[in-house]
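Chemist: how would this look folded up:
(2 chains)
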Amino acid sequence: MFYLIQLLNAVQYGLLLFLLSSGLTLIFGIMGVINLAHGSFYMVGAYLTYWLSKMTGSLWFAIPIGTAIAFAIGLLLETTIIRRLYRRDHLYQVLLTFGLILVFEELRSIFFGDEVHGVAVPEVLNFSIPLTETLSYPVYRLFITAVCLAIAALLYFVIHKTRAGMMIRAGNSNPEMASALGVNIPLLFAAVFAVGIALAAFAGAIAAPVTSVAPGMGNQVLIVCLVVVVIGGIGSINGAMIASLLIGLADTLGKILAPEYSGVAVYLLMAAILLWRPQGLGNKS
Amino acid sequence: MTHLSLPTWLLLGVALLLALLPLGATTFYLQLGAKIMIMAIFALSLDLLIGHSGLVSFGHAAYFGVAAYALALITPKYEAANFWLTLPAAVAAAALAALVIGFLVVRTAGIYFIMVTLAFAQMLYAIFHDTKLGGGSDGIYINVRPELTVAGFKVLNLESPAQFFYLALIALITVYWILNRLLHAPFGRALAGIRVNEQRMRSMGFPVFSYKLGAFTLAGGLAGLAGYLAACQFGFVNPEILAWHQSGTVLMMVILGGMGRLHGAVIGAAAYVLLQELFSSSALFGGYSKHWQLSMGTLIVIIVLAFPHGIGGLIDVAWRRRGYHGGEEDSPQSAQRSQRSDAEDSESDDLTAKDAKNPK
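Modeler: Residues are numbered from 1 along each chain as shown, chains lettered A, B, ... in the order given. Predicted structure coming up:
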C-alpha cells in the first residue's frame, strides 16, 4: 500500500512536469528558443492563484483567471521581446531570459513579499480515500492527476488531429519550409509561446494547494523541466511524456531509498540517458 | 609579445595603476578591487569556453564552487592552511570535476550543451545543499585564511586587504598571460577552428572531442582558481556560490564586456561588480536598492536587445573608427550569425558590416 501511494505521487508529479515541459519542449523545437523564464510562469501561476483565490474566495475562479492572465503576459512577452531572439545565438536567449527571471523574481518580491503562502484545497475535494486503517490518499492529488491526463490527451489530439496541430508539427520539423507553404509563422510562434506559458502557469495554479507558494519555486522546477527536455528529446511531446514520468519515478524512488541524495537521482538518470541516447528518448538519431 | 593588441597594452597600464592603488585606497576599495579581479579571472575562464571554443556553458559556477568548498573542507578549524598545498588541491578538484562532467557534456552541442551543463551544476548544488558534506545550506566558515610562506618566511599576509589585493592582481595577470599565450598557440588556433567549423576540423584529423574536453577542463581549473580566491576573501562558502545565479552572473560579465576578447572579460567583470554596487546603493535607489536584481535584470534585457557586442564591442568600434585595424579577431557569435542573418537583422552596427566582408 505504501508503494501504491508513492507510485500515485510519482505519477502525479510526473504529469505536472509534463504540463510544464511540453510547452518548453515545443518552444525549443519550433522556435529554437531556450526560454529559461518558463519556470517563472509556474511561479506566476501559483502566486496569481494564491492572490485571486483570496480575492474571489474560490479556487475555481482563480485557476482559469490566473491562467488567462499568464496567457496574456506570454503573448505580450513574445511580441515585444522573445520575437527578437529567434535569429540570435542561444547564448543571448539564455542571457535575456535569465534577465527576465531576475525581473520576475523581484517583481514577485515587491508585490507579494518573500513569505511562503498556502492555498486551501477546495471544500468539494478536501477529503481522503482510506486505503488501509492507517493510510489514505488525498482526493485533490487524484484530481490533479486526472486533469493533467485530460490536458495531455487534449494536447495529443490537437497536435495530431487538427489543422493547427499540423502547422505546429510542420513548424517543428522545418519552420522555413512551413512558412514558404503559407503557414503564418509569426502568429503560430506567438500562439505556441503563449499556450506554453499558459500551461506552465496552469501547472503552478493547480499545484498551489499541494505545494507551498514560495519564492524560488519557479527556478527549482525549471531545472527539472530542462532535464525532462534533455531526456525526452527537444521538440518531442511524446518524449516529454515518457521523460516526465521517468523523472517522477526516479525522484520518488530516490526520496525513499536515499533521502539525502534524492536531488541527485534525477541527474544520474540524465547522465545515463546522455551516454546511451544523446539525442533523447523521443527523437530518432 | 608583438601580438599584444592595444586594449591589452591599456590593460597592462591599468594593472600598473592598480599595483599602486593599495598605497592610497581605503579597505573598502581594496576589497572591491580584489573582488573585481577575482570575478575577472572567473569571467576569463568562461570566455575561454564561450568566446574561444564555442562551448556555451551555463554551469560554470560549479567549478568555482567546488574549489571554494575544497579550500573550506581542507582548512583546519583554528589553524591556517598551507597556501601552496590548498591552492593546487582546490584547482585540481575543480579541474577534475570539469573533466568528469565535461566527458559527459562535451558530446552534446547547442541547446543541449547549455541545458546539460546547467543540470550538472545544479546536481553539485543539490549535493552541497542537501547533504551534510559541506555544512548543508548554511555552508562553512573559513576562520583562518591560508598562509603563504616561502621557506618558512611569510611572504604575503592574506588577512591584510592590501596584500590580498596584490595576490589577486598577480593571479589575474598570470591567468591573462597564460590564456593570451595559449590562444595564440596551436591549441588555441585549433579551438578557434573548432568553434568556426567543427566538421572541417574533424575531417582534417583533429581530435575535436579531446580539444573540447581539454578546454573545458582548463576552464574549470581556472574557474577553480577564482573560486579559491573568493573563498579566501569572503571567509565562508555556501551552496549559493555554485548555484545557477552565479553561472548567469559570470555569463553576463562575459557578454557585457564582449566575448571572444580577453580584455572584454575583464572589463565585463569590472562593469558588472560596479553596476551591482550602484544598483544596490540605497543612496541612489532608496527602497528599491534591496531589489537591485530588478535593475540588473532589466539592464541585461536591454543589453542583449540593443548592444549585442557588449562594452568591449563598443570600444572596438570606437577604436576602429579612428583607423586602427587588426588586433582581436571576429567575435564568434557574429561569424555564426552572419550566415543566417539578413537585412532585417537588428545587429546593424559596424561589427556586422565588417564580419560580412570576411565570411567564414
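Chemist: in the stretch of helix or strand residue B:95 belongs to, what's buried?
Modeler: Residue B:95 is part of helix B:83-105 when elements are defined by DSSP states H and E. Neighbour-count burial for helix B:83-105, counted by 16 or more other C-beta atoms under 10 Å in any protein chain shown, picks out B:83, B:86-87, B:89-91, B:93-99, B:101-102, B:104-105. All C-beta spots, glycine's among them, are computed from the backbone N, C-alpha and C.
Chemist: can you check stretch B:282-295 too?
Modeler: B:285, B:291, B:292, B:293, B:294, B:295.
Chemist: Greatest separation within the residues you listed: which pair is it?
Modeler: For the buried residues of stretch B:282-295, the farthest-apart pair by C-beta to C-beta is B:285 and B:293; their separation is 11.7 Å.
Chemist: thinking again about what came up before, could you identify the helix or strand that succeeds the helix holding residue B:95?
Modeler: Downstream of helix B:83-105, the next assigned helix or strand under DSSP H and E is helix B:110-130.
Chemist: in that following helix, what's buried?
Modeler: Under the neighbour-count criterion of 16+ other C-beta under 10 Å, helix B:110-130 has B:111-130 buried.
Chemist: Mind giving me the packing neighbours of it?
Modeler: Helices and strands touching helix B:110-130, by 3 or more C-beta pairs under 8 Å, 6 or more residues apart in numbering or on different chains; DSSP states H and E, are helix A:90-112, helix A:217-232, helix A:262-276, helix B:61-74, helix B:83-105, helix B:244-257.
Chemist: which stretch in those is the model least sure about?
Modeler: Looking over those, mean pLDDT reaches its minimum on helix A:262-276, with a mean of 82.
Chemist: Is chain B within reach of it?
Modeler: Yes - using C-beta under 8 Å from any C-beta of the partner chain as the criterion, contacts between helix A:262-276 and chain B involve A:262, A:263, A:264, A:267, A:270, A:271, A:274, A:275.
Chemist: What's the separation between the fifth one and residue B:113?
Modeler: The one in question is residue A:270. Per C-beta to C-beta, to the nearest Å, residue A:270 is found 13 Å from residue B:113.
Chemist: Kindly report the same for residue B:251.
Modeler: When C-beta to C-beta is the yardstick, residue B:251 and residue B:113 sit 13 Å from each other.
Chemist: which residues does the nearest residue to residue A:249 once chain neighbours are set aside contact?
Modeler: By the measure of C-beta to C-beta, 6 or more residues apart in numbering or on different chains, the closest residue to residue A:249 outside its immediate chain neighbours is residue A:10, 4.8 Å from it. By C-beta atoms under 8 Å, 6 or more residues apart in numbering or on different chains, the contact set of residue A:10 is A:245, A:248, A:249, A:251, A:252, A:253.
Chemist: Ok, residue B:104 next?
Modeler: A:271, A:274, A:275, B:116, B:120.
Chemist: cool, residue B:75 as well?
Modeler: B:81, B:86, B:142, B:143, B:144, B:146 are the contacts of residue B:75 under C-beta under 8 Å, 6+ apart.
Chemist: For the helix or strand that contains the residue nearest to residue A:249, buried residues please.
Modeler: Using DSSP H and E, the element containing residue A:10 is helix A:2-26. Of the residues in helix A:2-26, A:5, A:8-26 count as buried by neighbour count, 16+ other C-beta under 10 Å.
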